[in-house]
Every structure is written in structure tokens, then in C-alpha cells.
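Asks: build me a model from this:
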Amino acid sequence: MSQYKWPSSEEKMPEWVEKAQAMFKRYGPFAYIGILAVVVLVWLATGIYVVGPGEQGVERRFGKHVNTTDPGLNYRIPWPIMTADVVDVSSIRRVEVGFRSMRAGRDQTILEESLMLTRDENIVDVQVIVQYRIKDAAEYLFRVKDPENVLTTSVEVALRSTVGRMLIDEVITERRAEVQADTKEFLERLVDAYRTGILVTDVRLQVADAPAQVRDAFHEVVRAREDRERLVNEAQAYMEDILPRARGVAQRISEESIAYREERVRRARGDANRFSQVLTEYREAPDVTRERMHIEALERVLAESQKVLISDNADKGVLPLLPLRGLEGAVPPRSNNR
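Replies: Reported below is the predicted structural model:
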């Protein structure tokens, strides 16, 4: 950078230089004091800073953390004595493990992170998204170097630990919610132990599947197991429907047989008692009893038959009998006319 070249005595001084020289000659040392006061005031004014809603201010004195401020208008001694960092602690952030989102909308799989070993020594492809926010700005800034990288590594450790305790079928189908819950619990313990100042809010399992090379074959096995479970459930439902019905029919037949037995036994006892009574009466009056039994038998037989009484002279007429009762139920002849 070229240095300023003062004009020679023969050249004319710039106007502002002339005004400054005139002011210094007029006010003397007070001009220097005034300029210094203005500079100090401006320097002190640079210590004012604003912390917005959902933010925390972290003040440092010669690089050491001394205070954490809340939202509002705050003041600290200006640089280089003190500095202030404003950190957003309300926004929800996220890290991706096992994949990376691309701008084109297609995710890029990171096999080094996503491939994990299960308890039954199978390889499973697991991808998760972890949502978090900053709960302590000072710890987030100063406790660990690159806290987001530490969080990503911690997520991978927690996820591998959780998946390693389960079978591949449990990770993929049966216990997906448990994988998320256990991973979140383990991850919270890790970030608290590292004092990263991070609060984990959610762990979402995006993908839990067999590796791409064997995925189709694995899905066939899963579908076969699902078909087996479905058939077993259908057979169980059929059994639960048939057995109570069969038990009900058997119970009804048993109760009907018991009722029939009781009816036959009581009827037989009644017939035996009636026969004993008739026998007693027959021994006391045989003729009367025989005649009464004969009349009762005729009453029972003739009560169910149609009786027609014709006098001796009825056969001399043209029509001895007109069966009007039989004609009441007769069907009229069908006409042959069409």
C-alpha cells in the first residue's frame, strides 16, 4: 500500500488538514482529550449485543467462559478483553446415520455406517435420523471439539449396541419401536457423559432391512413365515369356532337324552301304578271293571274315526248316504278350456 505523501511547503494543504491544525491551535490538548473520549465511547458501545428469543449468549474473558446470558439486551466489556457468542438453542437439528440426504431427493447410503451385525450373526442394513437441540450453549461450544461429529459417532455406537442384542427378524419386523427407544436411551446417556450440551429429542428408524444382495431372498423367507403364521391363526380361529359349537351340540344331546330317560321312566312308573290300581279294582269287581275297560277302549278308538249311523230302512231310498263332509275338502275339477 502506498504511503501518504505530505505536500511540500510550496503546495497547498488539503482543507481538512488545515481545519485540524486550526482546531489543535485553538483548543490545544483539549482537542486530543475529546478525540480520545469519542474513541473510548465508541469502543465501549461495541460491547452491547442482543440475544434473541430461543438463543443463549456465551461470554468469554480472554478466552475463558465467564457467563451465560438470557434473551434480551446484554453488555460485556468490548474486545479484546471479552467476546460473546450467540447460540440458537431452540431450533431442532438432525444428524443422519447410515445415509446422507442429497439435493436431488435421492439418499446416498453409507455402508460403513449402516451395515451392522445382529445377535444371530446376520448382517442388517439400518439407517436412522436423530433430532436434537442444544440445551447448554457453553458446553456445546467448549466441552468437546466438533460436537456434531461426536453426536454422529455416539449414535452409531448406541445403534450398534442395540441391534447387536437382537435377532434380525426382531430388528426388521417385530421390535422396531424397541430399537428406537433403546437407542435413544443409550444415546442420551452417552451425550450426557461427554457433556456435549446436546438434548436428544427423537430417534427415527428410517430403514431396517437385509442387505441389498440378499434382500429378495430374505423377503421371501419373511413372507413364508407370515403365511405360516396366517394359516396357523386361521386354523386356531376355526378350532375356536368349531369346538364350542360341538361342545354345545354334545351338551344339548346329553340333556335331551336325560330328559327322554326321565320322561320314559316316569311314564313307565305311571303306567305301572295305573295297572296296579286297575288290577286292584278288577280283583274286587271283575265284570264291572272289564266292561268299563271295554268302553274306554271303544272311546279311544272311535274318537279318531268317522262314524255314520244308518237305519234299517235307509237302503230303500234313492240316495242312502250323502257324504257332505267329504265334499267340503274336495278339489274342484280343472277346466279344459284354454
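Asks: residue 72 against residue 48, yeah?
Replies: No: with contacts defined as Cβ atoms under 8 Å, residue 72 does not count as touching residue 48, sitting 11.4 Å away. The C-beta positions use only the backbone N, C-alpha and C, and glycine is treated the same way.
Asks: pull the number of nearby residues for residue 57.
Replies: Residue 57 is surrounded by 21 other residues when neighbours are defined as other Cβ atoms under 10 Å.
Asks: one more: residue 173?
Replies: Other residues near residue 173 number 12, with proximity taken as other Cβ under 10 Å.
Asks: likewise for the one 4 residues further on?
Replies: Taking other Cβ under 10 Å as the neighbour definition, residue 177 ends up with a count of 9.
Asks: for it, give its distance to residue 206.
Replies: Using Cβ to Cβ, to the nearest Å, one gets 14 Å for the distance from residue 177 to residue 206.
Asks: how about the contacts made by residue 199?
Replies: Residue 199 makes contact with 132-135, according to Cβ atoms under 8 Å, 6 or more residues apart in numbering.
Asks: and of the residues you listed, the nearest to residue 99?
Replies: Proximity to residue 99 was ranked across the contacts of residue 199 by Cβ to Cβ; first place goes to residue 132, at 17.5 Å.
Asks: of the contacts of residue 199, which is the most crowded?
Replies: Within the contacts of residue 199, residue 132 tops the neighbour count with 23 neighbours, counted by other Cβ under 10 Å.
Asks: next up, the contacts around the residue nearest the centre of the chain.
Replies: For the chain, residue 177 is the residue whose C-alpha lies nearest the centre (Cα atoms, centre = their mean; 8.6 Å). Shown here is residue 177, which makes no contacts under the criterion Cβ under 8 Å, 6+ apart.
Asks: assign it to helix, strand or coil.
Replies: For residue 177, the assignment made with DSSP: H, G, I helix; E, B strand; the rest coil gives helix.
Asks: how about residue 121?
Replies: Residue 121 falls in the coil class when you classify it by three-state DSSP.
Asks: what about the strands in the stretch 1-150 of the chain?
Replies: Taking DSSP state E, counting those that start in this stretch as the test, the strands found in the stretch 1-150 of the chain are 48-51, 55-61, 64-69, 72-75, 82-88, 93-97, 99-100, 108-109, 115-117, 123-134.
Asks: how about a markdown table for the ones you listed, with distance to residue 264 and mean pLDDT added?
Replies: Formatted as a markdown table, the entries for the strands of the stretch 1-150 of the chain read as follows, by distance: least, Cβ to Cβ, whole Å; pLDDT from 0 to 100:
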| stretch | distance to residue 264 | mean pLDDT |
| --- | --- | --- |
| strand 48-51 | 100 | 87 |
| strand 55-61 | 96 | 89 |
| strand 64-69 | 98 | 87 |
| strand 72-75 | 101 | 86 |
| strand 82-88 | 94 | 88 |
| strand 93-97 | 82 | 91 |
| strand 99-100 | 82 | 88 |
| strand 108-109 | 83 | 85 |
| strand 115-117 | 76 | 90 |
| strand 123-134 | 73 | 92 |
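Asks: save these as TSV, and put in distance to residue 164 too.
Replies: What follows is the strands of the stretch 1-150 of the chain, written out as TSV (distance: least, Cβ to Cβ, whole Å):
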stretch	distance to residue 164
strand 48-51	44
strand 55-61	37
strand 64-69	38
strand 72-75	48
strand 82-88	35
strand 93-97	15
strand 99-100	20
strand 108-109	20
strand 115-117	6
strand 123-134	10
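Asks: show me the one of the ones you listed that comes nearest residue 192.
Replies: Residue 192 sits nearest to strand 123-134 of all the strands of the stretch 1-150 of the chain, at 12.4 Å, using Cβ to Cβ.
Asks: mark out where each domain of the protein begins and ends.
Replies: Residue ranges of the domains in the chain are recorded as 15-88, 100-212, according to automatic domain parsing.
Asks: so who does residue 57 touch?
Replies: Applying Cβ under 8 Å, 6+ apart, we find residue 57 in contact with 49, 51, 68-70, 74, 84-87, 137.
Asks: count the neighbours of residue 53 for me.
Replies: The tally of other residues near residue 53 (other Cβ under 10 Å) stands at 8.
Asks: OK, contacts around it?
Replies: Neighbours of residue 53 in contact, by Cβ under 8 Å, 6+ apart: 71, 90.
Asks: for it, give me the pLDDT.
Replies: Predicted confidence (pLDDT) for residue 53: 89.
Asks: again with residue 2
Replies: According to the model, residue 2 carries a pLDDT of 47.
Asks: same question for residue 15.
Replies: On the pLDDT scale, residue 15 is placed at 68.
Asks: then residue 139?
Replies: 90.
Asks: spatially nearest residue to it (excluding sequence neighbours)?
Replies: What sits nearest to residue 139 in space, not counting adjacent residues and going by Cβ to Cβ, 6 or more residues apart in numbering, is residue 197, at 3.2 Å.
Asks: phi and psi next, for the one you found.
Replies: phi 70, psi 20 (degrees, to the nearest 10).
Asks: buried residues, stretch 151-166. List them.
Replies: Within stretch 151-166, the residues scored as buried using 16 or more other Cβ atoms under 10 Å are 151-156, 158-160, 162-163, 166.
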